[in-house]
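S.K.: Build the 3D model from these lines:
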Amino acid sequence: MAETLESKAAKAAPMDRLWAENDDSRVTGDPSLVVDVAGFEGPLDLLLHLARTQKVDLARISILALVEQYLTFVETARALRLELAADYLVMAAWLAFLKSKLLIPKQPGDEGESGEELAAVLQFRLKRLEAMRDASARLVNRNRLGRDVFARGMPEMVIVERRNAYSASLYDLLTAYAQQRQKQAINNVTIARRGVWSLKDARDILTRLVGALHDWATLESFLIEYMTSPEERRTAIASSFAATLELVREGKMDVRQDEVFAPIYLRGRVQAIKAVEVAS
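M.R.: Residues are numbered from 1 along each chain as shown. Next comes the predicted model:
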């Protein structure tokens with residue numbers, strides 16, 4: 001909604017121009033206070049106006065000159081026979097005390113605050129009043145609903161379209177992938193027990209198969225029916241070779257190998273076979 005000409009003019013105008021000079025709304029209603037004195041609202045308001053007329057910073061104003069202006073204003077108001085509020089008179093007395101503090105140097109034995117400290121307090125109060133006046137001016141000059149601006153009537157359908165934007169580096173992607181893989185990984189690992197030939201089983205099988213064999217035969221030829229899987233082949237060859245060495249040491253079997261990594265040949269020892277025949 002476009003702003004009206006009146007609202008623009010009110011926003012551009014200072015706060016003091018928004019009220020008439022004799023507006024009754026500015027009166028507090030307290031009969032003991034006469035606040036309609038040349039448009040001033042209190043002692044600090046008067047001091048702030050005097051400070052603004054000097055066109056200097058409040059932190060750098062001359063407190064002594066400001067006190068003299070205030071006392072001159074009070075005397076002028078008395079000459080015009082205006083009823084002054086009690087707070088004006090109290091402020092006049094306090095400023096007269098401040099003026100004496102500023103003019104007379106502080107003695108070593110004097111107690112209480114010095115004139116410079118009192119002047120600093122007055123400057124702080126003037127700054128605070130100026131901030132409050134500026135804030136109130138901004139509030140008064142704002143647009144008012146129903147006068148300067150108007151609310152929307154019939155609500156309109158608003159369609160919210162959301163678009164997801166992802167910003168992730170290669171490291172972030174790898175980290176997320178690793179976390180998902182860890183969640184899906186198998187925690188309990190069970191190792192199946194592998195079948196192993198014992199030395200006694202291999203010895204009994206070789207003794208039974210080789211028997212009274214006089215010709216050489218390879219070791220694997222006796223174990224073909226037992227080597228059904230790669231795992232069984234490894235354990236059968238290892239246990240059978242160990243049993244073969246035991247039988248050779250006992251003189252019941254001969255073993256030979258023509259070259260390195262060549263097949264191992266077995267046969268029954270002749271003396272052992274004859275001894276068995278004689279015993280039978």
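S.K.: which stretches of this protein form strands?
M.R.: 217-218, 253-256, 265-268 (DSSP state E).
S.K.: Straight-line length of stretch 143-152, end to end?
M.R.: 15 Å (C-alpha to C-alpha, to the nearest Å).
S.K.: Okay, buried residues for that stretch please.
M.R.: Asp148 (16 or more other C-beta atoms under 10 Å). Yep, even glycine has a C-beta here, placed from its N, CA and C like the rest.
S.K.: Same check on stretch 116-127?
M.R.: Buried residues in stretch 116-127 (16+ other C-beta under 10 Å): Leu118, Ala119, Leu122, Gln123, Leu126.
S.K.: TSV please, covering those residues and showing distance to Ser239.
M.R.: Output for the buried residues of stretch 116-127, formatted as TSV (distance: C-beta to C-beta, whole Å):
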residue	distance to Ser239
Leu118	111
Ala119	111
Leu122	110
Gln123	106
Leu126	108
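S.K.: wait, which of the residues you listed is closest to Leu266?
M.R.: Nearest to Leu266 among the buried residues of stretch 116-127: Gln123, at 118.2 Å, using C-beta to C-beta.
S.K.: burial of the closest residue to Gly211 other than its chain neighbours, as a residue count?
M.R.: Spatial nearest neighbour of Gly211, excluding adjacent residues (C-beta to C-beta, 6 or more residues apart in numbering): Gly268 at 6.4 Å. Look at Gly268: counted by other C-beta atoms under 10 Å, it has 19 neighbours.
S.K.: can you list the weak-confidence ranges in the chain?
M.R.: Counting by pLDDT under 70, the ranges of the chain that qualify are 1-71, 73-93, 95-96, 98-99, 109-110, 186-187, 212, 270-280.
S.K.: Can you show me the helices along it?
M.R.: For the chain, the helices defined by DSSP state H cover 5-12, 43-53, 63-79, 86-103, 115-140, 170-184, 199-210, 230-249, 270-279.
S.K.: for stretch 208-216, how far is the first residue from the last?
M.R.: This stretch, stretch 208-216, spans 16 Å end to end (C-alpha to C-alpha).
S.K.: for stretch 246-266, same thing?
M.R.: Termini of stretch 246-266 sit 13 Å apart (C-alpha to C-alpha).
S.K.: Show me what counts as buried in it.
M.R.: Those would be Leu247, Lys252, Met253, Asp254, Val255, Ile264, Tyr265, Leu266, for stretch 246-266 by 16+ other C-beta under 10 Å.
S.K.: Not counting sequence-adjacent ones, nearest residue to Ala238?
M.R.: Trp197 (7.7 Å).
S.K.: Number of residues surrounding that neighbour?
M.R.: What Trp197 shows, counting by other C-beta under 10 Å, is a neighbour count of 20.
S.K.: and it, backbone torsions?
M.R.: The phi and psi values for Trp197, taken as degrees, to the nearest 10, are phi -80, psi 140.
S.K.: Would you agree it is in contact with Ile237?
M.R.: No - look at Trp197 against Ile237 with C-beta atoms under 8 Å: they stay out of range, at 9.3 Å.
S.K.: Of the buried residues of stretch 246-266, just say which sits nearest to Thr72.
M.R.: For those, the nearest to Thr72 is Ile264 (132.4 Å; C-beta to C-beta).
S.K.: State the distance from the closest one to Ser221.
M.R.: Ile264 sits 10 Å away from Ser221, going by C-beta to C-beta, to the nearest Å.
S.K.: mind checking how far Ile191 is from Leu206?
M.R.: On the measure of C-beta to C-beta, Ile191 and Leu206 end up 30 Å apart.
S.K.: With Ser136 instead?
M.R.: For Ser136, the distance to Leu206 - C-beta to C-beta - is 114 Å.
S.K.: Which one's more surrounded, those two?
M.R.: Higher neighbour count among Ser136 and Leu206: Leu206, with 23 against 11, using other C-beta under 10 Å.
S.K.: ok, that one touching Glu246?
M.R.: No - applying C-beta under 8 Å as the test, Leu206 and Glu246 come out as separate, 9.4 Å apart.
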